[in-house]
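Novice: here's a sequence, model it:
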Amino acid sequence: MRFERFQRAIVTLIMIAFASVAIAASPATGTAPKPGVKKSASARPTPKPKHTPPAVIEKPLGTWKSKLTTTSLASNLSQTKPTFVMISANWCPFCKKMKKDVFPTTTVQAALTNWDLVYIDSDTYPKVAAEAKHRSIPFFVLYDKNHQEVSRFTHEMNADQLSAWTNDVYARMGELDKIDADLKAKPGDPQLLSRRANALVGIALKIQNVDSRITVAMPAHLKAAMDAVKQAQAAGDNSAGLKAQMQLMEIIQQYLNNDLAGASGKLDQFAKTYAADKDLASDAFFWNAVFTMKKNATRGRSHDMESDRMFEDYLMKYPTGRFADASSHRLETVIAAIQKVINDSAKKAKTERAKAAKAQQLKDRAAQKGAGDTGTDDDSSKSDESTSN
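Specialist: Here you go, the predicted model:
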C-alpha cells in the first residue's frame, strides 16, 4: 500500500543520510601515495567521459501556446475551453523530465485533449507567470472557461497522476456546468441548488498540494462553496451532511484568516462530534495534520516529523479518503527533501575526501623533498671534510 511504501522509503533514506554524513566525517584512505613510493601508471584512475547535457526542449508539445501576450495571464487563456497552464523554465530538471517522459504518453495526450494548452516560460514571461502566484516549478494550474482557477499542482507528476488529476477536475467542471444549465431552466429548484452546493464543496476541498493550494487558491473556492450551501439551506436543505461541510469550511476559513488557535479548538470539537462518521472523521484528521504543520512552522521549524507522521497515518487509516492525494504528495515531497540531503552529503563527502587526499599528497611530497635536501647537505659536508684533509 502507499503508506507502507512511504514508510519504508523514509526510514531507508534517513539511514542512508546518516551513513553519508558518517562517510563525510571519516578520514580518506588509499588515496595518497606513501613517502618515497611513486604510483604506477596502471594505478591511475581512468578519466570519466565528459557528460553531455541533454538537448533543451523548448516546449512540451507542439500544440501548446508558448508565444504569449505580455499584457496579462487572462489574455492568454481560452475563451471557449478550459485551460491547462504549465509554468516552467529551460533550466528546470523536473520540467525536462516531464517534457520527455510524461507529456508524450498517450494517456496524458488523451487527457489534455479537453484543454487549451498554455506553456509559460517563467524567464521569458516573468510578469505573466507571477500572476499565477506560483512558488516553484514545474507548476500547473487549471482554469475554467470564465478564467477562474479550479485547481493547481506544484512539482513533478507522472503520467497517471497528471491524467487522473486533469480528468477528475474536468469531470467536476462538467457536472457543475450541467447543474447551472438546469438551474436556468428551473431557477431556485431545491434539489439542483443542493447538488450545486455539494459540487462546489467538492471543488473547494479537492486539494492536490498541502502548501500552495491551501494558501493561494482555496479562499475563493471556499467563498463560492459556502455561498452555494447558504442558498441550498435557504431553499430548504437542512441535511446533516451539508451542515457538517459548512462547519468544516468555516473552520478552514478561520485558519486561512490566521486564527490558528481558534480554528484548532473548533476542529477538535468537530472531530469529537463526527467521530462516528468515517468521511468527516478523516477530514478532521487531515486538517489536524495541516494545523500541526503550521504550528511547528510558526515555532521556527522548516520541517517536522510530527505532521509527516500524521499525514502517513492518514493514508494508513483512510487510503481512499478525500485528502489521500494531498497526503501522498506531502510525503513524496518529504522523500525528495531527504534524497537531496543524501545527495548533498555524498557530494560533500567526495569533495572532503579529495581535499584530504590532495593535502596528504602535498605533505608527502614536502617530506620527500626535505629528506632529499638533507641528504645533499650531508654529502656536501663530507666532501668538504675530505678536501680539507
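Novice: distance of residue 237 relative to residue 197?
Specialist: From residue 237 across to residue 197, the span is 7 Å (CB to CB, to the nearest Å). (Each C-beta comes from the backbone N, C-alpha and C, glycine too.)
Novice: between these two, who's got more neighbours?
Specialist: Taking neighbours as other CB atoms under 10 Å, residue 237 and residue 197 compare with residue 197 leading, 27 against 19.
Novice: which element is that one on?
Specialist: Assigned by DSSP states H and E, residue 197 falls within helix 190-204.
Novice: then residue 118?
Specialist: Residue 118 belongs to strand 116-121, assigned by DSSP H and E.
Novice: list the buried residues of the next helix or strand after that strand.
Specialist: Next in sequence after strand 116-121, counting helices and strands by DSSP H and E, comes helix 126-130. For helix 126-130, the neighbour count (16 or more other CB atoms under 10 Å) marks 128-129 as buried.
Novice: mind listing what the nearest residue to residue 267 once chain neighbours are set aside touches?
Specialist: Spatial nearest neighbour of residue 267, excluding adjacent residues (CB to CB, 6 or more residues apart in numbering): residue 251 at 5.3 Å. Residue 251 sits next to 263, 266-267, 270, 287 when contact means CB atoms under 8 Å, 6 or more residues apart in numbering.
Novice: closest one of these to residue 163?
Specialist: Of all those, residue 287 has the smallest distance to residue 163: 27.9 Å, by CB to CB.
Novice: out of everything not next to it in sequence, what's closest to the closest one?
Specialist: Among residues not flanking residue 287 along the chain, residue 267 sits closest, at 5.7 Å (CB to CB, 6+ apart).
Novice: count the neighbours of the one you found for me.
Specialist: As a burial measure, residue 267 scores 23 neighbours (other CB under 10 Å).
Novice: helix or strand for it, which one?
Specialist: Residue 267 belongs to helix 260-273 when assigned by DSSP H and E.
Novice: Three-state assignment for residue 81, please.
Specialist: Secondary structure, DSSP: H, G, I helix; E, B strand; the rest coil: residue 81 is coil.
Novice: give me the phi and psi angles of it.
Specialist: Main-chain dihedrals, residue 81, degrees, to the nearest 10: phi -130, psi 160.
Novice: that one: neighbouring residues, count only.
Specialist: Around residue 81 there are 15 residues (other CB under 10 Å).
Novice: list the contacts for it?
Specialist: Counting by CB under 8 Å, 6+ apart, the residues that residue 81 touches are 114-116, 145.
Novice: between the helix or strand harbouring residue 169 and helix 190-204, how big is the angle?
Specialist: Here residue 169, judged by DSSP H and E, is contained in helix 159-185. Angle of helix 159-185 versus helix 190-204, following axes from the mean of the first three to the mean of the last three CA atoms, to 10 degrees, is 150 degrees.
Novice: relative to the whole chain's centre, how far out is helix 159-185?
Specialist: The chain centre lies 25 Å from the centre of helix 159-185; the measure is CA atoms, centre = their mean, to the nearest Å.
Novice: got it, and stretch 278-290?
Specialist: On the basis of CA atoms, centre = their mean, stretch 278-290 is displaced by 21 Å from the centre of the chain it belongs to.
Novice: and stretch 155-175, by the same measure?
Specialist: Taking CA atoms, centre = their mean, one finds stretch 155-175 lying 17 Å from the centre of the chain it belongs to.
Novice: and the residue lying closest to residue 200 once chain neighbours are set aside, how many neighbours?
Specialist: Distances taken as CB to CB, 6+ apart place residue 225 nearest to residue 200, at 4.0 Å, with adjacent residues excluded. The number of residues packed near residue 225 is 24, by other CB under 10 Å.
Novice: I'd assumed residue 225 was in a helix, is it?
Specialist: Yes: per three-state DSSP, residue 225 lies within a helix segment.
Novice: which residues does it contact?
Specialist: Taking CB under 8 Å, 6+ apart as the test, what residue 225 contacts is 197, 200-201, 203-205, 249.
Novice: and it, how far is that from residue 249?
Specialist: For residue 225 relative to residue 249 (CB to CB), the value is 6 Å.
Novice: repeat for residue 96
Specialist: For residue 96, the distance to residue 249 - CB to CB - is 39 Å.
Novice: ok, residue 101 next?
Specialist: Relative to residue 249, residue 101 is positioned 38 Å away (CB to CB).
Novice: so where is the stretch 151-300 of the chain shaky, pLDDT-wise?
Specialist: The stretch 151-300 of the chain contains residues with pLDDT under 70 at 208-217, 300.
Novice: hang on, the earlier thing: quick check: buried residues in the helix holding residue 197?
Specialist: Within helix 190-204, the residues that count as buried by 16+ other CB under 10 Å are 192-204.
Novice: what are the ranges of the helices in the chain?
Specialist: Using DSSP state H, the helices of the chain run over 2-25, 93-101, 106-111, 126-130, 159-185, 190-204, 212, 218-234, 240-256, 260-273, 278-298, 305-317, 324-388.
Novice: ok, back up a step: out of the buried residues of helix 190-204, which comes closest to residue 176?
Specialist: residue 199 (4.9 Å).
Novice: wait, the closest one sits on residue 176?
Specialist: Yes: using CB atoms under 8 Å, residue 199 is in contact with residue 176, at 4.9 Å.
Novice: surely residue 102 meets residue 111?
Specialist: No: taking contacts as CB under 8 Å, residue 102 lies outside contact range of residue 111: 10.9 Å.
Novice: can you list residues touching both of those two?
Specialist: Shared contacts of residue 102 and residue 111 (CB under 8 Å, 6+ apart): residue 162.
Novice: thinking again about what came up before, the strand holding residue 118 - what's its average pLDDT?
Specialist: Averaged across strand 116-121, pLDDT comes to 91.
Novice: pull the residues that contact that strand.
Specialist: With CB under 8 Å, 6+ apart as the test, strand 116-121 has contacts from 59-61, 63-66, 68, 76-78, 80-90, 128-129, 132.
Novice: any of those buried? List them.
Specialist: Listed as buried from these are 59-61, 64-66, 68, 76-78, 82-88, 128-129, 132; burial here means 16+ other CB under 10 Å.
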